[in-house]
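Asker: Quick one, fold the following:
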Amino acid sequence: MMAQWGPRQKERASRPDSMEEFRQILETFDNPRSGRDYTIEIACPEFTSVCPKTGQPDFGVLTFRYTPAEQCVELKSLKLYLQQFRNEGIFYEAVANRIVDDFVAVVAPRQLVLEAAFSARGGITEKVTVTHSPTD
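Answerer: Next up, the predicted model:
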């Protein structure tokens, strides 16, 4: 039996892949201490995306912990990048991994941990932790 697609899934399937467009929003600046390891922690408490199954909004808190190499992420561009997911139908696991892929492609940190803690839906919460290190 074939799975039935809801309206959001049909809409997403008809659009071109926007991954590269999303990545282009992220900007960086030169790390002022590239010879030193230090950790930057960024909390994004207002992340939203859309459940691809129900079309309902999903809310979460994203926490980035990274050790920059040559570049640091510019915060306003990160905010604008994350806002692009407001209308994206995407599962928690997929969005967390996509964000890490984009961040690594643009910022190229020495290390990165993204913790994506999503609000309760039906009495269940989920936290997705994605790690990137040079050996990945």
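
Asker: can you list the weak-confidence ranges in the protein?
Answerer: 1-19, 136 (pLDDT under 70).

Asker: so the residue nearest to the spatial centre of it is in which element?
Answerer: A centroid search over the chain (C-alpha atoms, centre = their mean) returns Ile99, at 2.7 Å, as the residue closest to the centre. Counting by DSSP states H and E, the element that carries Ile99 is helix 92-107.

Asker: what do you get for Phe22?
Answerer: Secondary structure (DSSP H and E) places Phe22 in helix 19-25.

Asker: Could you export that helix as CSV, CA atoms only?
Answerer: What follows is helix 19-25, C-alpha atoms only, in CSV (Å, rounded to 0.1, in the frame of the first residue of the first chain):
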residue,chain,number,x,y,z
MET,A,19,19.6,23.7,1.2
GLU,A,20,22.2,25.8,-0.7
GLU,A,21,19.9,28.9,-0.4
PHE,A,22,19.7,28.3,3.4
ARG,A,23,23.5,28.0,3.7
GLN,A,24,24.1,31.3,1.8
ILE,A,25,22.4,33.1,4.7
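
Asker: re the thing from before, tell me the spacing between the residue nearest to the centre of the chain and Val73.
Answerer: 11 Å (C-beta to C-beta, to the nearest Å). Quick note: C-beta positions are derived from backbone N, CA and C, even for glycine.

Asker: Then Asp58?
Answerer: Asp58 is 23 Å from Val73, where distance means C-beta to C-beta.
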